Structure formats: C-alpha cells, structure tokens
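# A structural model of the following input is requested.
(2 chains)
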Amino acid sequence: MQFAAIFADTWRLLSARKVFWVALAITVLVGLLYASLGFNDRGFTLFFVLEFSNDLFFEGSAGASALALNAFYYITEWWTTLFGVVLGLVTCASLFPDFMAPGSIDAVLSKPIGRGRLFFYKYVSGLLFAAVLVVVLAAMSFATIRWRLGFWHPAVFWSVPLAVALYSYLFAVCVLFGVWTRSALAALLMTMLFWLGCWGLQWAEQLSAQFSRTTSAAAALTGEARGMNKAEAVHQIFRGLMVVLPKTGETTSLVKRAVLREQDREYLRETDIANQVQRNEELGKLLGRPVESEAVIRDRVIKDLDAMSGLEKSPGYILGTSLAFEALVLLLAAWIFGRRDY
Amino acid sequence: MICGVSEPAIDLQDVAKTYAGGVVALRDVVMQVQVGEIFGLLGPNGAGKSTLVKILLSIVRPTRARGTLLGQPIGHRSTLGRVGYLPEAFRFPDYLTGAQVLEYVGGLHRVPRAPRRQRASELLGLVGLTGWEGRPLRMYSKGMRQRLGLAQALINEPALVFLDEPTDGLDPVGRREVAAVLRELRQRGITVFLNSHLLGEAERLCDRVAILAQGRVVRQGTVDSLTSEGCRYELRVEGPLPGEASLHALIASLGGLVTFEPVQACTRISLETGRSQFLQPLIDELRRLRLTIDAIIPQRQSLEDFFIGVVATTAEPAPADPAATLFEDPSTRRV
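Numbering: from 1, shown residues only, chains lettered A, B, ... in the order given. This is a model prediction of the structure:
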C-alpha cells in the first residue's frame, strides 16, 4: 500500500511534466516509423508510400527479417537507451531533491515507514519514466513484426528490462548526487559526466582490443612481439577499469543479442564478411598480391563483431557487474539519505 | 482510549540533540503531555521546538532520547501510524489535488482505500474545503493549503497530532475555524501537540504549555498555574495616602511587595503578589483610616508577559545588546 502510494505520486509527478508527454509522443512516432518499414516482392517500403527495389531485402527473404530486427535494435539503441535515458534523467533528476525539500520530507518521514524502504520505493518508482517509454515502443514493435514479418517475436520485450537496467545504472548515480547535493542540476551534470566517462572508457576498451588484435596479426607476420605486448597491456588496463563500472553500451548490445535470431545474426555476419572479402580482393588487385585470406578475414570480422556487440562477455558478467555497481551506489545514497537530519 | 489513563501520551525523561559542529539544540529535555489535552510548546526562535518535534517523529535523529510516545519508545516506527503531523511550511507539489494529497498521505499511513476516501471527504468538510478536492493546489490560497495540511494530519485518525504553526497564513476567521477544529479534536480525546509562536492563541487553546529556551524546558504547567504566578492586585484609593505611621509600618512589613503612586486625584497601590492573605491587612488598614477604596483589581499577567519574563531570565547575559532591555519585566520593579 505504501509502495502504491509512492508509485502513484511519482506517476502524478511524471504526468504533470510536459517533457514526459513529449517523450511519449516521440516514442509513438518512432514506433509508427518502425511500423512503416514493410516488404514486398520487389524490395522494401518506408513511410507506407516510398518503395525501394532491393535484391536482398524483399518479402520472405532472410535479409528482410534481419533488417527489420536489426532496425528494432537500432531504434531501441538510439531512441530508448540514448534520448529516452537523457530525457528520463532530465525529468527525474529533481525527484529526490524535491522529495527532500523542507515541508515535504517531514510529512513523509513522520509516517510509519522506514527510511531505507522509503528510499528504495522512491528509487524504483523513479524508473517509471524509462519503463513507460520502452514498454510502448516494444509493444508497438511486437505488433509491427507480426504484421510485417508474419511471426510473433516476444524476444523484443527483452528490451524492456535491459533498457530499464541501463537507465537504472545512471539513475542510481543521479540519485546519489541528488541526495548528496540536494540539487537537481548538480545531480544531472554529474550523471552526464559519469555517463560520458563510462562511454569513453568502454569505447577505449573496444578500440584497444581491436588494435591489439591488429598489431598481434601484424606482429605474427613480421615476427616482432613487443608491439603486441604493449597494445595488449593497454587493453588490459581499460578492461580492468571497465570491470567495476556499469557497462552501458554492452547492456544495450544485449538487446541485439536477445532480439536477433541465430539465422538473422548469421545472415548479417556473412553479409559483413562478404563485403570485407570483396574489398580485400579489390585492394589485392591494386597491390598485385593477396592481402588477407578469407579465413583470416572471417576470424577477424567475427572477433570484431563479437567485441562491438559485447558477445565476448556473458550477459551474466555484463549485467552482474553493472548491477553490483548500481547496488553499491544505491547503498551509499541510502546511507546518506538515512543518516541525514531534516 | 489508546493509552492507559495514567500513561501520558508523551513522556520524555531525557532528550538531547547536538548537531554536527557541536551546536547544542536540546539538552536534558523532560516533558509530559497527558492524553486528550491540547499541549503548547512555546519558545523563542532557535529554542529547539521544531527539533524536539522532529525527534519525536523520527525526522531528526536524537543524540539521546529516553522516553515514550503513546507508550512506545521514541523512534518506534509503527507508533507513527497513530500520529498525525502538520509540518511548518507544509509543502506538497502544486500539480496534486487536495484529494490526491489526502490519498497519498493515507496510503503512507496504510489506511485502506475505501475508508481513506470516506475519511478524506469528511476531513475536507471539517476544514471547509468541500468542493475543492478535485482542484490542484496551485489554485489554493495559503490559508487553504494550511487547512489542507491540517486535514492530511488527521487522515489516519491519530491518537496524537503534532501541529507546527497550524494557523500560519490564516486570516482571523480561518484561525477561529482551526481553533474550533482543535477543540473538537480534544473533545474526541485526541491529544494535540501545538507548536506555535502565537502566544495569545496558545493561551486560549492550550490546557498546558511548556516553555523551551536554549534547548531546555524551563517551565511547564497549566496555563492558569503559570500565568497566576505573576498575579498581583491593584487598589485605587481616593486622594493621597496619609502619613500615618501604622500604614507605612504595614507597607514596610510586606517586604517591598507594595508600591504606590498618585494618579490624578487617586492613589494607585500595587501589591506584587497573587496571594490574597497579604491583601487583607492592607484593606483593613485603609478602611481603618477611613480612606475610600474605589477599586480592587486582581491583575493576572498574560501568557505572553509570563513567556517574555521566563525567556529573559533564561537568556544569556548580553549587556552590549540594547534589545535586551526589551525583555525587562516591569512587574519586577520594586519601590
């Protein structure tokens, strides 16, 4: 009953803010945009009227489902887990600072509810913003896939917990700074900085991994080992740093893992390999000698794709370490919230 | 009746609070509030009134808190379900309606939905907000918000209700209505703990008061017993006082309790005590001297006079501050 009261109060707060309705309206538009992607025997259609002839993506082809499901992933990645998260943080950054304002917090703390529970209920209800957006998008996409591709694909609903989890890592940081500084603006700025830092580190880790593989391949050809060791050492440093931080990008990539079926993933991989082999042959013709064998290209592309989509790490590791970080941040925030005199 | 008859609603044996930085807000607070009474906590700004209330409601963590609230140790969470609270500067978001505020607070108190709605409707009627339940708070005046604050403090049918400046922002009519509500609560056996700066209001409403100064309870008791402490008598006698030795000997025997001064064609005699046995020989002597006594006026000090006197005597000496003379009690002057 107490959770319901706090949850209802947060819903009222969200529904009183125009940014929430704007974000919801854009989400519906994005869902409609996705629904406009259709296929016929000549190719694919967009916005219900534009038709594009294509040999790969046509009704019933393997490419059609791969394209549609991959499009869902990119929509989720860009709209829900990027703009949606930013809008959610902007909207909800003031949740705790407002809650802790004099005259407001007194009325709540004087009720028969422990501070820890109160903090937890308020935090969970703060995830509502992200949850509403992603549920709407997932539900619309679920219907679209059935309509356009002809099969039910409930895996799209994996985007709901995954996107909410991603939002929750950052919201936890926002709550910590909100409780600490009691300033929505400070909380928002610090969270954005933190997110940028996470993104930068993750990008650096992926780049260093790719560089390490390239230098290792080059070293194998030339017989030098020093370059390979240095690149790998840098990669290991970034990797070590990333262990303790939330994996925002990799959590998003889990949506791709969950949504794409094995045949779609294989189709996209083979398309990518075929493209690279073709480019390699063109380069070989220019140089007058073969650059890389197809097997080497295949191996490198698969490893790069795995690294970029986080496939080299298990979902348990990605979510477990990220949620552990979130739990620590929340414990610290709850401790500050609970110890403070109001 | 939730508490036993003999058990106070609030029984504080020792409450202390020192904030970070060594600021002492409360020390050795001892206080009792009886069931069913309206109790007023008075004190100057910074005396620690709000801190004490917040400690009782678990909003501020005490340095030391020995005592009970409705028979349970201070800080017992479930007990707060039987307590109502109107904070000072009561604030809820503007987008909420009156009904939503009551629903929210009722939910936090775990009041089931159906009785919560019925109770909300009754309370809105009690505080004169019927018809406003569906309107957002941004449309409410300050007085209406304060009355809504009073309603939310009662949503759980509390046995004890803390009201921090409940009439703040209300016009005289609103104040009278709140006073009527508080009397109604007392009639229902609800204990009311009133934290107010308005001493006249406290004097009219409260059965008992405590005065908190510099973090300590310096006086507590019924309003009657406290204000009668400074009770004195004033007599008006026609013409000047004669130079009879017996009269002046009597005045001298009263140990400086008597002062007199000519006022137009009369003499005003002040007896600085409320004990009437000291008055009798003075009347007898004046009558023996065949003086005409125009009036005998018992003069009881107001709670405000008493409060200022107590606070002044408790205050740290600050001779450099000219405002300190404002606290000098004229009734303590002697001839």
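
# Every contact and neighbour count from this point should use C-alpha atoms.
Fine.

# need the residues of the stretch 101-250 of chain B near chain A, please.
Residues of the stretch 101-250 of chain B lying close to chain A (C-alpha under 8 Å from any C-alpha of the partner chain) are B:103-105, B:107-110.

# Pull the contacting residues for the residue of the stretch 101-250 of chain A found nearest chain B.
Per C-alpha to the nearest C-alpha, the residue of the stretch 101-250 of chain A with the smallest distance to chain B is A:Gly103, at 4.5 Å. A:Gly103 makes contact with B:87-92, according to C-alpha atoms under 8 Å, 6 or more residues apart in numbering or on different chains.

# same deal with A:Thr76?
Contacts of A:Thr76 by C-alpha under 8 Å, 6+ apart are A:134, A:159.

# Now do the strands in chain B.
Assigned by DSSP state E, chain B shows strands spanning B:10-18, B:24-33, B:38-42, B:64-69, B:72-73, B:83-86, B:160-164, B:191-195, B:208-213, B:216-222, B:232-238, B:258-263, B:266-271, B:293-299.

# Which strands or helices does the fourth one pack on?
In other words, strand B:64-69. Secondary-structure packing of strand B:64-69 (3 or more C-alpha pairs under 8 Å, 6 or more residues apart in numbering or on different chains; DSSP states H and E): strand B:10-18.

# nearest spatial neighbour of B:Arg82, skipping sequence neighbours?
B:Pro158 (4.6 Å; C-alpha to C-alpha, 6 or more residues apart in numbering or on different chains).

# To what extent is the one you found buried, counted in neighbours?
If you count neighbours by other C-alpha atoms under 10 Å in any protein chain shown, B:Pro158 ends up with 20.

# Against B:Gly106, how distant is it?
11 Å (C-alpha to C-alpha, to the nearest Å).

# go on, A:Met242?
45 Å.

# Name the residue in these two with the higher neighbour count.
More neighbours surround B:Gly106 than the other of A:Met242 and B:Gly106, with 29 against 18 (other C-alpha under 10 Å).

# Can you check the pLDDT for the residue nearest to B:Arg82?
You'll see B:Pro158 listed with a pLDDT of 95.

# Over to B:Glu238?
91.

# Make sure it is actually in contact with B:Thr292.
Yes. At 5.6 Å, B:Glu238 counts as touching B:Thr292 under the criterion of C-alpha atoms under 8 Å.

# Look at the two and report which has more neighbours.
Shown here are B:Glu238 and B:Thr292; by other C-alpha under 10 Å, B:Glu238 has more neighbours (17 against 13).

# show me the contacts for that one.
B:265-267, B:291-294.

# filter those to the buried ones?
Those of the contacts of B:Glu238 that meet the buried threshold are B:266-267, B:291, B:293, by 16 or more other C-alpha atoms under 10 Å in any protein chain shown.

# Low-confidence stretches in the stretch 201-342 of chain A?
A:220-229, A:290, A:307-311 (pLDDT under 70).

# repeat that for 50
For the stretch 201-342 of chain A, no stretch is flagged by pLDDT under 50.

# For chain B, what's the nearest residue on it?
For the stretch 201-342 of chain A, C-alpha to the nearest C-alpha, closest residue to chain B: A:Asp341, 4.6 Å.

# That residue contacts B:Leu57, doesn't it?
No. Between A:Asp341 and B:Leu57 there is no contact under C-alpha under 8 Å: 11.7 Å.

# For those two, indicate the residue with more neighbours.
With neighbours defined as other C-alpha under 10 Å, A:Asp341 and B:Leu57 compare such that B:Leu57 has more, 27 against 15.

# Just list the residues touching the closest residue to that one other than its chain neighbours, thanks.
Using C-alpha to C-alpha, 6+ apart and skipping residues adjacent in sequence, the residue nearest B:Leu57 is A:Ser110, 5.1 Å away. Listed by C-alpha under 8 Å, 6+ apart, the contact partners of A:Ser110 are B:57-59, B:80, B:85.
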